[in-house]
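**Student:** need a structure here:
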Amino acid sequence: MKKELLTLSLLFTLTAFMYAQTNTQCDFFIRSDFDSECVLTAYKEKVPLLFHDESECMIACAGSHVMYYAVNLPTGFTTEWTVIGTDNYTVNQQGTQIYVNWPEDLSAGHITLTATGPDNTICIKEACIELIEKPVAGIISNPPHIGYIDDDIQYIEVCDGQEIQFFSNSSSSAEAPIVGYRWTSDHEEWATQNFTFIADFDIYEGEATIEHTVINECGCIDNITYVIKINKIPILEV
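**Tutor:** Next up is the predicted model:
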């Protein structure tokens with residue numbers, strides 16, 4: 001008798017779960033705040049909020065911080081998020097959003113959202129995450145840099161009015177090539193792969209900081225900093 005009751009109980013639970021997955025209360029889905037232009041992207045932010053095709057993976061950049069959230073989640077549901085691929089994540093107080101820090105060396109992840117309704121309706125939504133390798137920003141200058149600040153920031157010393165040629169030495173994976181270059185300083189911005197900088201002591205007050213940013217076709221970015229120390233008088237070489 002106990003065995004029969006247990007079997008009936010399991011059948012009832014399974015039936016209730018299968019009903020819940022087809023219930024309109026379960027017509028919510030997972031989205032993220034990362035809007036990629038990558039051709040692999042499973043959705044675009046501009047399209048209407050329709051039911052997400054869970055057979056397609058979402059895109060994120062390896063080493064990035066991404067927020068995922070439930071769209072059209074009914075009120076009164078309690079939620080539980082689980083992540084495969086990292087333990088570095090936090091959930092907001094309402095349980096509707098999760099903030100995930102994806103590792104640099106990960107190629108795929110997985111997110112599950114289990115939502116339970118007031119009537120014990122259980123809905124499970126899953127999202128596979130394809131992690132795209134971000135590009136690596138690099139700089140070559142002419143004249144070349146003379147040293148490093150804090151082990152990773154290149155620097156150079158030049159005279160007032162001197163020209164410095166900058167070349168992007170950045171790299172990326174073949175699956176997600178670099179499609180954009182940007183150079184910025186405190187006073188100017190350039191959107192080219194290479195550019196020529198003219199050192200001006202008065203404008204930059206003796207020191208200019210250049211930041212070079214590259215972006216791949218999936219929207220993953222990387223940047224690097226270069227410091228230019230500008231001397232008002234010529235540098236005497238001994």
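
**Student:** for Thr116, see how far away the residue most central in space within the chain is.
**Tutor:** The residue lying closest to the centre of the chain (CA atoms, centre = their mean) is Ser64, at 3.8 Å. Using CB to CB, to the nearest Å, one obtains 30 Å as the distance from Ser64 to Thr116. For the C-beta atoms, the positions are set from N, CA and C on the backbone; glycine is no exception.

**Student:** pop the domain breakdown of this structure in here.
**Tutor:** Dividing the chain into domains by automatic domain parsing, as the record does, gives the ranges 2-132, 139-231.

**Student:** which stretch in the ones you listed has the least confidence?
**Tutor:** When the domains of the chain are compared by mean pLDDT, domain 2-132 comes last with a mean of 77.

**Student:** just the helices in this structure please.
**Tutor:** Listed in chain order, the helices of the chain (DSSP state H) span 2-22, 201-204.

**Student:** what about stretch 68-86, how long is it end to end?
**Tutor:** Using CA to CA, to the nearest Å, the span of stretch 68-86 from its first residue to its last is 14 Å.

**Student:** actually, stretch 104-112.
**Tutor:** Chord length of stretch 104-112, first to last residue, is 21 Å (CA to CA).

**Student:** in that stretch, what's buried?
**Tutor:** Within stretch 104-112, the residues that qualify as buried by neighbour count (16 or more other CB atoms under 10 Å) are Gly109, Ile111.

**Student:** and Tyr148, how many residues sit next to it?
**Tutor:** Tyr148 sits with 11 neighbouring residues when counted by other CB atoms under 10 Å.

**Student:** doesn't Gln154 make contact with it?
**Tutor:** Yes. Shown here, Tyr148 and Gln154 form a contact pair, counting by CB atoms under 8 Å, at 6.1 Å.

**Student:** contact partners for the residue lying closest to Ser32 once chain neighbours are set aside?
**Tutor:** Leaving aside its sequence neighbours, Ser32 sits nearest to Tyr68 (CB to CB, 6 or more residues apart in numbering; 4.9 Å). By CB atoms under 8 Å, 6 or more residues apart in numbering, Tyr68 lies in contact with Ile30, Arg31, Ser32, Asp33, Gln97, Ile98, Val100, Ile111, Ala127.

**Student:** buried subset of those residues?
**Tutor:** Buried by 16+ other CB under 10 Å: Ile30, Arg31, Ser32, Gln97, Ile98, Val100, Ile111, Ala127, out of these.

**Student:** just the ones of these in strands?
**Tutor:** Members of the buried ones among the contacts of Tyr68 lying in strands (criterion: DSSP state E): Ile30, Arg31, Ser32, Gln97, Ile98, Val100, Ile111, Ala127.

**Student:** name the nearest of those relative to Val136.
**Tutor:** Nearest to Val136, judged by CB to CB, of those is Val100 at 22.3 Å.

**Student:** so who does the closest residue to the closest one other than its chain neighbours touch?
**Tutor:** Nearest residue to Val100, sequence neighbours excluded (CB to CB, 6+ apart): Tyr89, at 4.4 Å. Counting by CB under 8 Å, 6+ apart, Tyr89 makes contact with Trp81, Val83, Ile98, Tyr99, Val100, Asn101.

**Student:** what's the burial count for the closest residue to His145 other than its chain neighbours?
**Tutor:** Of all residues not flanking His145 in the chain, Gln154 sits nearest, at 3.9 Å (CB to CB, 6+ apart). Close neighbours of Gln154, defined as other CB under 10 Å, add up to 20.
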